[in-house]
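Undergrad: quick one, fold the following:
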Amino acid sequence: MSLTNAPRLDTDRLILRGPSPHDAEPMIAFLMDQDRAGGFGAYDNRGDAWRWWALNIGHWHVHGYGYFTIEDRATGAPAGISGIWNPEGWPEPELGWVVFEGFEGKGIAYEASHRARQWAYEDLGFTTLTSNIVPGNARSIALAERLGARYERTYVNPHMGEDLLYRHPGPKELAA
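TA: Presented below is the predicted three-dimensional model:
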């Protein structure tokens with residue numbers, strides 16, 4: 001049972017879908033892992049991590065978009081999240097991604113983010129997206145660049161501190 005009105009998006013290996021109740025535990029586990037979630041806003045207590053999970057559900061209701069749960073088609077397991085994020089204080093809508101432990105290095109973040117960006121451009125009518133990356137997060141920088149995004153500027157994110165803003169090519173640039 002999805003907790004949002006999120007569409008289901010398919011790729012060869014993945015299903016991108018709205019968050020459901022059984023996604024809470026993997027998301028909370030990720031958010032409480034200080035090493036892995038540091039660039040995403042790690043939490044040191046379960047209550048705050050749960051509130052972030054609930055925030056994503058509310059984000060869908062307020063904006064009509066948010067983070068999809070990335071489901072591994074072969075196993076049905078939640079593999080991470082990807083989607084469009086724009087909470088209060090963000091400079092503009094962001095294409096974001098996270099893969100959970102055991103799913104790294106398989107191209108899942110690229111495949112999911114590519115599909116989420118396509119949906120944002122084709123179905124929501126977005127003309128640009130950014131990815132906001134904590135300095136030193138080399139894997140996210142490499143993925144943003146693989147998606148065609150280019151460094152635009154450094155800014156102070158009210159929740160995360162200093163962030164690098166990468167600009168994705170727009171739909172016209174991707175079609176060329």
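
Undergrad: can we go C-alpha only for contacts and neighbour counts from here?
TA: Noted.

Undergrad: helices of the chain, start to end?
TA: Using DSSP state H, the helices of the chain run over 24-31, 34-37, 46-63, 108-122, 138-146, 171-175.

Undergrad: reformat these into TSV and put mean pLDDT and mean neighbour count next to each item.
TA: Conversion of the helices of the chain to TSV gives the following (pLDDT from 0 to 100; neighbours: other Cα atoms under 10 Å):
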stretch	mean pLDDT	mean neighbour count
helix 24-31	96	20
helix 34-37	88	14
helix 46-63	95	16
helix 108-122	98	20
helix 138-146	96	16
helix 171-175	93	11
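
Undergrad: which of these sits closest to residue 99?
TA: Of all these, helix 108-122 sits nearest to residue 99, with 6.3 Å by Cα to Cα.

Undergrad: the closest one - contacts with which helices or strands?
TA: strand 14-17, strand 78-85, strand 94-99 (3 or more Cα pairs under 8 Å, 6 or more residues apart in numbering; DSSP states H and E).

Undergrad: how far away is residue 69 from residue 138?
TA: 23 Å (Cα to Cα, to the nearest Å).

Undergrad: actually residue 129, sorry about that
TA: 20 Å.
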